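# Predicted coordinates and the sequence they were generated for:
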Amino acid sequence: MFRTADMLEIFQQYRGDAIVIPGRGGRHWVHLSTCPQRDVPLGDPAMGGHASFALGLALAQPDKKVILFDSEGDLLMNLGALPTIAEQAPHNFYHFLLDNECYATTGGQPVPNAKSVAYDVMARGAGYPRAFAFENLEDFAGNLQAILDQPGPVLVAMKVTPEVENNPIGQRPRWQTRTREQVVRDLKTELGITV
Amino acid sequence: MAQAQEAQLSPETVLEEMKKNGVTHVVWLPDSETNWLYLLMQAEPSLHLIAVSREGMAFSTAAGLAVGGKTPIILIQNTGLMESGDSLRGWALGMNIPVVLMVGYRGWTRHGITQDTAATYTERFLNAFGINYYLVESNADASRISVAFAEAKKTTRPVAVLVGDEYHGFNR
């Protein structure tokens, strides 16, 4: 396992001009990103929807790389997203998965069969042409450029250290620096979208 | 029999409404009320079909498309709409997505007693979420689809079209 913040620090060096949906990595990404106008930190609009949202964005903007940091708890809620993504086969979609083996935001309870699910195998089984799994940061860092150089869709499952939260939601510090409306407005302005 | 035929909502009419309103992507899960659209949509080069396997995914997919500058429509049944509550709340209402939901109104009957609880709860469900809706039963109602598109755009909210017409055969 490795820390999400350390992984994102490495990823930032390879980000290029990609659109990044940081998902549950958002709390770290907002401090690392050098191109916030291409970031889509939405927090958690409704659990289970990040992969489909990223698919929609990738299909709408086929000339831009769309990079999602999904989480295993989210994906498990909508595993059916995998065959849909594979069927649509967006060449610009890079699906990274933060697997901390638990529901960290609710106190760290394990997800079903937490230690034994192979998300890379699931993705391949659903029809993703490429999928990888990393348990240590050195391997991830050594392969990242090659992964991003190839077309998507690709799933990259990563074992990350849980950052368990036990405070009531209302007492947790907010990491978002912009509202969702502002995030969407900024992205549309950046991409020249007028509708 | 002739009366029944006249009362139909033809797939050509629905497709024309989609084209007129600039729909680029159809995010859908097949149902018995809209199955007749499938072959026509497939043959329409201006439409990109995205098949989902659970209706909640349709809302987040449509949100991504809309944020990326496209005009999606969601095509699902009322049963799946009800399953999608949290996704509808977070990804469509919460993200201010101007999207039209064409919802197969399973169990709808203008006459007699509603036997199917899918129909019983459909309008109650939409009312609970504050989503406006238009009933479309025949070609004569089809202009309401454009009304729904205009309203979604103006209010930046989802608007529903309830399709109260069923079973014209998959291959027609």
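Cool, got the structure. Here the structure is a predicted model, which means the values were calculated and not measured. Residues are numbered from 1 along each chain as shown, chains lettered A, B, ... in the order given.
# Can you name the residues of chain A sitting close to chain B?
Contact residues (C-beta under 8 Å from any C-beta of the partner chain) of chain A with chain B: A:40, A:42, A:44-61, A:78, A:80-81, A:83-84, A:87-88, A:180-181, A:184, A:187-188, A:191, A:193-195. Quick note: C-beta positions are derived from backbone N, CA and C, even for glycine.
# per-residue pLDDT, B:Gly112?
On pLDDT, B:Gly112 comes in at 82.
# Can you give me the neighbour number for it?
6 (other C-beta atoms under 10 Å in any protein chain shown).
# could you give the mean pLDDT of stretch B:118-128?
For stretch B:118-128, the per-residue pLDDT averages 97.
# C-alpha coordinates for that stretch, PDB please?
C-alpha atoms of stretch B:118-128 as PDB (Å, rounded to 0.1, in the frame of the first residue of the first chain):
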ATOM      1  CA  ALA B 118     -44.700   1.200 -10.800                       C
ATOM      2  CA  ALA B 119     -47.400   3.600 -12.100                       C
ATOM      3  CA  THR B 120     -48.800   4.300  -8.700                       C
ATOM      4  CA  TYR B 121     -45.600   5.800  -7.500                       C
ATOM      5  CA  THR B 122     -44.200   7.400 -10.600                       C
ATOM      6  CA  GLU B 123     -45.700  10.900 -10.400                       C
ATOM      7  CA  ARG B 124     -45.400  10.900  -6.600                       C
ATOM      8  CA  PHE B 125     -41.700  10.100  -7.000                       C
ATOM      9  CA  LEU B 126     -41.200  13.000  -9.500                       C
ATOM     10  CA  ASN B 127     -43.100  15.300  -7.200                       C
ATOM     11  CA  ALA B 128     -41.000  14.400  -4.200                       C
END
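# so which strand or helix has the one residue sitting closest to the centre of chain B?
The centre of chain B sits closest to B:Met102, judged by C-alpha atoms, centre = their mean, with a distance of 0.6 Å. Element membership for B:Met102, per DSSP states H and E: strand B:100-104.
# buried sites along stretch B:111-127?
Of the residues in stretch B:111-127, B:118-119, B:121-123, B:125-126 count as buried by neighbour count, 16 or more other C-beta atoms under 10 Å in any protein chain shown.
# now it, how far from the chain's geometric center?
16 Å (C-alpha atoms, centre = their mean, to the nearest Å).
# Quick check: nearest residue in space to B:Asn139, chain neighbours excluded?
Nearest residue to B:Asn139 in three dimensions, chain neighbours excluded: B:Thr13, at 4.9 Å (C-beta to C-beta, 6 or more residues apart in numbering or on different chains).
# Endpoints of stretch A:123-139, how far apart?
Taking C-alpha to C-alpha, to the nearest Å, stretch A:123-139 runs 20 Å from one end to the other.
# what's it in contact with?
A:1-2, A:6-7, A:10, A:82-83, A:85-87, A:89, A:95, A:118-121, A:140, A:143, A:147, A:150, A:152-159 (C-beta atoms under 8 Å, 6 or more residues apart in numbering or on different chains).
# Okay, and the beta partners of the residue nearest to the centre of chain B?
Taking DSSP bridges as the rule, B:Met102 bridges to B:Leu75, B:Val161.
# Okay, it and A:Arg172: tell me how far apart.
39 Å (C-beta to C-beta, to the nearest Å).
# Same question for B:Met57.
In terms of C-beta to C-beta, B:Met57 sits 28 Å off from A:Arg172.
# When those two are compared, which one has more neighbours?
Comparing B:Met57 with A:Arg172 by other C-beta under 10 Å, the one with more neighbours is B:Met57, at 30 against 12.
# which residues does the more buried one contact?
Going by C-beta under 8 Å, 6+ apart, B:Met57 touches A:49, A:52, A:78, A:80-81, A:84, B:87.
# Out of the residues you listed, name the ones that lie in helices.
Using DSSP state H, the subset of the contacts of B:Met57 located in helices is A:52, A:81, A:84, B:87.
# Reformat those residues as a markdown table; add distance to B:Val52 and neighbour count.
What follows is the ones in helices among the contacts of B:Met57, written out as a markdown table (distance: C-beta to C-beta, whole Å; neighbours: other C-beta atoms under 10 Å in any protein chain shown):
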| residue | distance to B:Val52 | neighbour count |
| --- | --- | --- |
| A:Ser52 | 7 | 30 |
| A:Ala81 | 8 | 29 |
| A:Thr84 | 5 | 23 |
| B:Ser87 | 11 | 30 |
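# Spell out the residue ranges of the strands in chain B.
B:25-28, B:48-51, B:72-77, B:100-104, B:133-136, B:159-163 (DSSP state E).
# For chain B, see how far away the residue nearest to the spatial centre of chain A is.
Central residue of chain A (C-alpha atoms, centre = their mean): A:Phe69, 1.0 Å from the mean position. From A:Phe69 over to chain B the distance is 15 Å, taken as C-beta to the nearest C-beta, to the nearest Å.
# Tell me the confidence at that residue?
Per the predicted model, pLDDT is 98 at A:Phe69.
# Enumerate every residue touching it.
A:8, A:20-25, A:29, A:96-98.
# Phi and psi next, for it.
Backbone geometry at A:Phe69, expressed as degrees, to the nearest 10, gives phi -110, psi 90.
# Just grab the bridge partners of it for me.
Beta-bridge partners of A:Phe69, as defined by DSSP bridges: A:Phe96.
# Return the distance of it relative to A:Asp39.
As judged by C-beta to C-beta, A:Phe69 and A:Asp39 stand 11 Å apart.
# shared neighbours of those two, which are they?
A:20-22, A:29.
# Give me the subset of these lying in strands.
Residues of the shared contacts of A:Phe69 and A:Asp39 located in strands (DSSP E): A:20-21.
# Pick the one among the shared contacts of A:Phe69 and A:Asp39 closest to chain B.
A:Ile21 (8.9 Å; C-beta to the nearest C-beta).
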